[in-house]
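# 3D model of this:
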Amino acid sequence: MKSRKDIIIRHSPVERINHWAVVLCFFFTAISGLGFFFPSFNWLMNIFGTPQLSRILHPFVGSVMFILFIFMFFRYFKHNFIDKDDIIWLKNIRKIVKNEEAGDIGQYNLGQKGVYWSITIFLILLAVSGVIIWRPYFADLFSIPIIRIALLIHSMSAIGLILTIMVHAYAAFWVKGTLRAMVEGWVTRGWAKKHHPRWYREIMKQEQQEEKR
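Residues are numbered from 1 along each chain as shown. Predicted structure coming up:
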């Protein structure tokens, strides 16, 4: 790890633990869910013991993932409103593809904000539809047509979430230094200045104010 003067803390230990706990829950629910959805993937359910055990644990682990995500949602909520600089970022998407930056980006760019809101929407749909189809606890409270619609929404939302996470993971590996921020919690000042210049200035301003105290 570099010296304190060369780095900026991007994610606290609590944030990182919460993030990776959500990731672990996602892997369990995604793998077991694919086993339920695609007959050719039924063998995936055996990774966690037996198909019966996977079916029992799937909704419980999914519920834990949703609860953990609530913390992430409120923690990052104020940083994920779309502003005019995000539009500039989008208009210069060709530069972004070349790993060049455009726009005066804050803590998160438009792509990251899109992932945030997509995951939020998909998880809400999964949670609501999951409760409706959850046997033996809640499914008996709903009619067969409602359960069928919930099954469709649950399946489509799960696919959408998996695809969104794949994009999120690819971007983390693609932009050097991003993954380290969520593993070790810090980024270099050069990384922050290049990828999130407005956030970098805000951090510099805070540090200056603290030095004056």
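
# C-alpha from now on. contacts and neighbour counts both.
OK.

# which helix is the longest one in this protein?
Ranked by residue count, the top helix of the chain under DSSP state H comes out as helix 144-174.

# May I see the buried residues of the worst-scoring helix or strand of the chain on mean pLDDT?
Lowest by mean pLDDT, DSSP states H and E among the helices and strands of the chain is helix 93-97, with a mean of 76. Within helix 93-97, the residues scored as buried using 16 or more other Cα atoms under 10 Å are I93.

# Show residues contacting stretch 22-42.
If you take Cα atoms under 8 Å, 6 or more residues apart in numbering as the criterion, stretch 22-42 is touched by 43-45, 51, 54-55, 58-59, 61-62, 64-65, 68-69, 155, 158, 162.

# ignore the last one, stretch 71-80
For stretch 71-80, the surrounding residues in contact (Cα under 8 Å, 6+ apart) are 15, 18-19, 106-108, 113, 116, 120.

# what about burial for those residues, which qualify?
Here, 16+ other Cα under 10 Å leaves 15, 18-19, 106-108, 113, 116, 120 buried among those.

# Report the two of the residues you listed separated the most.
Using Cα to Cα, the buried ones among the contacts of stretch 71-80 span at most 22.4 Å, a distance reached by N18 and G106.

# Phi first, then psi, for I8.
I8 adopts backbone torsions of phi -130, psi 130, taken as degrees, to the nearest 10.

# From G177, how far off is it?
12 Å (Cα to Cα, to the nearest Å).
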